[in-house]
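Chemist: No letters, just coordinates:
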């Protein structure tokens, strides 16, 4: 799961003082594509999320990309959207990001293939496609940064928990599937220089997320694309702010698209080093040791540079900080040395105390 819950909490607070409308959340026996690619208008919180490392081979330049669309419907009357995007430049340890909130009628963009588009002054963004084939376009409002990317799926969709609905312990359940390896090519314009990039993006689609949202949590999410094995790992760490308990879960998918759905006791994550943000004072881990014995996996995970924190502003006294950025993995899977490209997300870190249990 990739829960951008606290971000949307602020957006919901700006949009409406009412509680999230969740009575019409529907949980089918199994997620269905392309149906569940489309917006779920009776749901108060959902997203379409892309992250990954892309490289200009000629210039030997690697950049990180985050592109996300949020949809929320707090009162089942009007709803709204938020678009968030970022580019990481590890060579220069530079991080650029932008976001905009768009109140829209709740039935906007209700057809497939997806055809999302937004514009506000210099800020422009669009997402088109379905089932692993997408076109992303974005232009930042403040920095001279833009991207135009096209994807196609190199692997089949992964339905988490085998049915496309992830169970988060006793806290919540949400719709969730991923395309963990989207072959991507296109252009990124960064401060006047154009980069012709290619690589793999990771795509997460999630809906029915208000159950987790209501419970007040902190969230870590990990994605790793291993090169030598052509396998992928998704892990999450859900931290309850109410009682300091921790829940782990995730999915490991091999080259043949066979998945192992991981439970709490199958995952060990140890934080090795930390970085304190000068902006938020939040303490973020920047190096981890990850062990998944049931699939023979041990890996060390490191950030490419620490300052990949985003500050989202929704109005006076409503700033929210979270970390999402490029990482790299080095480890072993069933005796084979492996390297991997990774993205990690961490939210609400300033609220976390020492956990009582795993």
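Modeler: Okay, I see it. Note that the structure is predicted; figures quoted are calculated from it, not measured.
Chemist: pLDDT of stretch 42-62, averaged?
Modeler: Mean pLDDT, stretch 42-62: 93.
Chemist: Buried residues, it. List them.
Modeler: If you call a residue buried by 16 or more other Cβ atoms under 10 Å, then stretch 42-62 has these buried ones: 42-56, 61-62. Placement of C-beta: from N, CA and C, glycine included.
Chemist: same question, stretch 169-183
Modeler: Neighbour-count burial for stretch 169-183, with 16+ other Cβ under 10 Å as criterion, is recorded at 171, 172, 173, 174, 175, 176, 177, 178, 179, 180, 181, 182.
Chemist: same question, stretch 196-211
Modeler: 197, 199-211.
Chemist: cool, stretch 279-296 as well?
Modeler: Neighbour counts over stretch 279-296 (16+ other Cβ under 10 Å) mark 280, 282, 284, 285, 286, 287, 288, 290, 292 as buried.
Chemist: So what's the residue count around residue 240?
Modeler: The tally of other residues near residue 240 (other Cβ atoms under 10 Å) stands at 18.
Chemist: repeat for residue 92
Modeler: Residue 92 has 10 neighbouring residues, counting by other Cβ under 10 Å.
Chemist: Also residue 129?
Modeler: Using other Cβ under 10 Å: residue 129 sits among 18 other residues.
Chemist: nearest spatial neighbour of it, skipping sequence neighbours?
Modeler: The shortest distance from residue 129 to any non-neighbouring residue, by Cβ to Cβ, 6 or more residues apart in numbering, is to residue 113 (5.3 Å).
Chemist: Partner strands of the longest strand anywhere in the chain, with direction?
Modeler: Scanning the chain for the strand with the most residues, using DSSP state E, yields strand 172-190. Strand pairing for strand 172-190, using DSSP bridges, gives strand 145-153 (antiparallel), strand 158-159 (antiparallel), strand 165-168 (antiparallel), strand 193-207 (antiparallel).
Chemist: thinking again about what came up before, for the buried residues of stretch 169-183, which one is nearest residue 96?
Modeler: Taking Cβ to Cβ as the measure, residue 96 lies nearest residue 182 of these, at 21.9 Å.
Chemist: wait, what's in contact with the closest one?
Modeler: Neighbour list for residue 182: 50, 52, 132, 134, 151, 152, 153, 154, 200, 201, 202, 203 [criterion: Cβ atoms under 8 Å, 6 or more residues apart in numbering].
Chemist: Repeat that for residue 225.
Modeler: Applying Cβ under 8 Å, 6+ apart to residue 225 gives the contacts 52, 180, 181, 200, 202, 232, 340, 341, 342.
Chemist: To what extent is the residue nearest to the second one when sequence neighbours are not counted buried, counted in neighbours?
Modeler: Looking back up the chat, that one is residue 180. Spatial nearest neighbour of residue 180, chain neighbours left out: residue 232 (4.0 Å); criterion: Cβ to Cβ, 6+ apart. For residue 232, the tally of surrounding residues (other Cβ under 10 Å) stands at 25.
Chemist: In this structure residue 232 contacts residue 224, no?
Modeler: Yes - between residue 232 and residue 224 there is a contact under Cβ atoms under 8 Å: 6.7 Å.
Chemist: Looking at the buried residues of stretch 279-296, which are in strands?
Modeler: Here DSSP E is the test, and those give 284, 285, 286, 287, 288, 290, 292 as lying in strands.
Chemist: Distance of the third one relative to residue 204?
Modeler: For residue 286, the distance to residue 204 (Cβ to Cβ, to the nearest Å) stands at 22 Å.
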